[in-house]
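1. Just a sequence and a predicted model for now, questions to come.
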Amino acid sequence: MKKLDNLIIHERQNDVVPFYQRATIVLNLSDKKKFLETFGLTALEAMTAGLPVIVPTQGGIAEMVEDGVNGYKIDVSELKKIENQIDNILSDFETYQKLSENALRMAKSYENKNITDRILQIIEN
């Protein structure tokens, strides 16, 4: 683990749950000019913990986020907009609560039973 004054870099973790339990919001700042997130497991893990997310505007990760409902889609190049949105989320408890509840609701759609049911529907049709 490397530590700077305002940053701690952790090695790869086998158990990420404690990190999500301590978090308030999760950002995925993937640059769409360099690569696209095809699924966005970090965002799904965060929403499973009831955390609002800020994700890129393109890729599979963006499909999980309904802008202003369970998180926000903001291009990584718009750092001031990201900063402002973080301030808005953290300064308004009602907004935070709404985002959190909707994040949990969306994450439930990825639970094993729901995924299995959707796969069976596809196979049966």
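-> Okay, I see it. Residues are numbered from 1 along each chain as shown.

2. Off-centre distance for the one helix or strand residue 118 maps to?
-> Here residue 118, judged by DSSP states H and E, is contained in helix 112-124. Relative to the centre of its chain, helix 112-124 is centred 24 Å away, using CA atoms, centre = their mean, to the nearest Å.

3. Please apply the same query to stretch 60-73.
-> Counting by CA atoms, centre = their mean, stretch 60-73 comes out at 8 Å from the chain centroid.

4. likewise stretch 110-125?
-> Going by CA atoms, centre = their mean, where stretch 110-125 is centred and where its chain is centred differ by 23 Å.

5. all strands of the chain, in order?
-> Assigned by DSSP state E, the strands in the chain fall at 2-3, 8-9, 26-27, 53-55, 71-73.

6. got the buried residues for the fourth one?
-> For strand 53-55, burial by neighbour count (16 or more other CB atoms under 10 Å) applies to 53, 54, 55. Where you see a C-beta, it was placed from the backbone N, CA and C, and this is true even at glycine.

7. and the first one, bridged to which residues?
-> The reference is to residue 53. Beta-bridge pairing for residue 53 (DSSP bridges): residue 26, residue 71.

8. Quick check, it in contact with residue 41.
-> No - Residue 53 lies out of contact with residue 41 (CB atoms under 8 Å); the separation is 11.7 Å.

9. low pLDDT regions in the protein?
-> Scanning the chain for pLDDT under 70 picks out the ranges 1-3.

10. how about the helices in it?
-> In the chain, the segments counted as helices under DSSP state H are 17-22, 41-48, 60-64, 79-91, 93-108, 112-124.
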